[in-house]
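J.: Got a sequence here, can you model it:
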Amino acid sequence: MNRFDPRGKNTETIDRIIAYYDSYSVVEKRIADYILENQEEISSLTTMELSERCDTSPASIIRFSKAIGFKGYNELKYYMENQILSSYGIEQAIDEDDDIARIKQKFAKINQMIIDDTMQMIDNHEMDKAIDEIIKAKRILIIGEGGSGSICLSTYNLFLQLGLPCMVETDAFLQVMAATHLTEEDVVIAIIHSGRTKNTLDSMRQARRNGAKIICITGYQKTPMSDEADILLYSTSRDTLSLSDVPAARISELCVIGVLQLGILSRDFDKYSRNNEKSKEAYSLKRV
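T.: Here you go, the predicted model:
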């Protein structure tokens, strides 16, 4: 079976393994290849047995499992065993015979899967660190381009409602100009789904030279972006037989930002709730 055939038995776990394939080391690719080519066998294999089949160590199997967002190999097995009969690619592809009721059902399931996968990918410790840095920052610069640029604007809106001292730049030249004036008291939130957008990477590097903390939200591991980050928050990426990963990327990024916002709110609920109420009052001035 072609391991990249979307009509194969690709579960959420398999989708995730494929999404990060290009970033794997030689050993990780060997593990990924074996899992992708022997999906129905994995649930019966122990860590030691899988490591022997992949000519590697049990520790490498555990590290691989953690690298793609699981707590360990047992959790990876659990997800495969319980989801292997509900193939994401087959069930969620839009067929020419689907009516609106069926399309609505598939669309809802796709979005729920994206949300669930994103929550699994978020590292709680990294999220706590990001919240700490944002709360104590003198200024927060939010940067990104293209589709992720739209999420930057949404992030600015959400953070501004809490009264956070933030600004947003999605223009390549304005990004790097704003980054030039940051200091060690400031934070950059960079949103790049691919982790490889040159203009935003240039701005991150400029901010780092000035001592600013860099928080990155990305859909891929081991990219140039991850090398520049102090804190990494992973979104997820999905595509179907009918759609690219663009809608999934935006939904997933919004989920990460939503958790960030609520985490900030929980740190000083009274303060940020008051700020949010002030923002609502300001909005009311613009309604007729």
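J.: show me where pLDDT drops low in the stretch 1-150 of the chain?
T.: Across the stretch 1-150 of the chain, residues meeting the criterion (pLDDT under 70) sit at 1-12, 83-93.
J.: Tell me where it has helices.
T.: For the stretch 1-150 of the chain, the helices defined by DSSP state H, counting those that start in this stretch cover 12-19, 26-37, 47-53, 58-67, 73-83, 88-92, 100-121, 124-136, 146-161.
J.: The fourth one to helix 12-19, inter-axis angle?
T.: Helix 58-67 and helix 12-19 meet at an angle of 100 degrees, taking axes from the mean of the first three to the mean of the last three C-alpha atoms, to 10 degrees as the criterion.
J.: follow-up on the earlier one: most tightly surrounded among the helices of the stretch 1-150 of the chain?
T.: When you average the neighbours per residue for each of the helices of the stretch 1-150 of the chain (mean count of other C-beta atoms under 10 Å), helix 12-19 leads with a mean of 22. For glycine as for every other residue, the C-beta is placed from the backbone atoms N, C-alpha and C.
J.: I'd like the distance from it to the chain centre, please.
T.: Per C-alpha atoms, centre = their mean, to the nearest Å, the displacement of helix 12-19 from the mean C-alpha position of its chain is 13 Å.
J.: who does that helix touch, helix- and strand-wise?
T.: In terms of contacts (3 or more C-beta pairs under 8 Å, 6 or more residues apart in numbering; DSSP states H and E), helix 12-19 is packed against helix 26-37, helix 73-83, helix 88-92, helix 100-121.
J.: Serialize those to TSV and add fields for distance to N210.
T.: Conversion of those to TSV gives the following (distance: least, C-beta to C-beta, whole Å):
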stretch	distance to N210
helix 26-37	35
helix 73-83	40
helix 88-92	43
helix 100-121	30
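J.: My reading is that I189 is in a strand; is that accurate?
T.: Yes: I189 forms part of a strand when assessed by DSSP: H, G, I helix; E, B strand; the rest coil.
J.: and stretch 193-206, C-alpha only, in CSV?
T.: In CSV, the C-alpha atoms belonging to stretch 193-206 read as follows (Å, rounded to 0.1, in the frame of the first residue of the first chain):
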residue,chain,number,x,y,z
HIS,A,193,1.8,27.7,9.5
SER,A,194,4.6,26.4,7.3
GLY,A,195,7.4,27.7,9.6
ARG,A,196,9.3,28.9,6.5
THR,A,197,7.9,32.4,5.6
LYS,A,198,11.0,34.5,5.0
ASN,A,199,9.6,37.9,5.8
THR,A,200,8.3,36.9,9.2
LEU,A,201,11.5,35.0,9.9
ASP,A,202,13.5,38.1,9.2
SER,A,203,11.4,40.1,11.6
MET,A,204,11.8,37.4,14.3
ARG,A,205,15.5,37.4,13.9
GLN,A,206,15.6,41.2,14.2
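J.: which outside residues touch it?
T.: For stretch 193-206, the surrounding residues in contact (C-beta atoms under 8 Å, 6 or more residues apart in numbering) are 143-148, 169, 172, 175-176, 178-180, 188, 190, 192, 214, 216, 218-220, 223-226, 228-229, 235, 237, 249, 253.
J.: make it 6 Å
T.: Contacting residues not belonging to stretch 193-206 are listed as 143-145, 148, 172, 175-176, 179-180, 190, 192, 214, 218-220, 223-225, 228, 249 [C-beta atoms under 6 Å, 6 or more residues apart in numbering].
J.: Give me the most central residue, the chain.
T.: Centroid-nearest residue in the chain, with C-alpha atoms, centre = their mean: S235, separated by 0.7 Å.
J.: What separation do you get for the closest residue to it other than its chain neighbours and L233?
T.: Nearest-residue entry for S235: S252, 3.8 Å, with adjacent residues in sequence omitted and distances by C-beta to C-beta, 6 or more residues apart in numbering. Using C-beta to C-beta, to the nearest Å, one obtains 10 Å as the distance from S252 to L233.
J.: Now do the same contact list for S252.
T.: I114, T118, S235, T236 are the contacts of S252 under C-beta under 6 Å, 6+ apart.
J.: run the last query once more with 8 Å
T.: Contacts were defined as C-beta under 8 Å, 6+ apart; by that measure S252 touches I114, I115, D117, T118, G219, S235, T236, S237.
J.: Doesn't R287 lie inside a strand?
T.: No: with three-state DSSP as the criterion, R287 is located in coil rather than a strand.
J.: Could you report the pLDDT at it?
T.: With respect to pLDDT, R287 has a value of 87.
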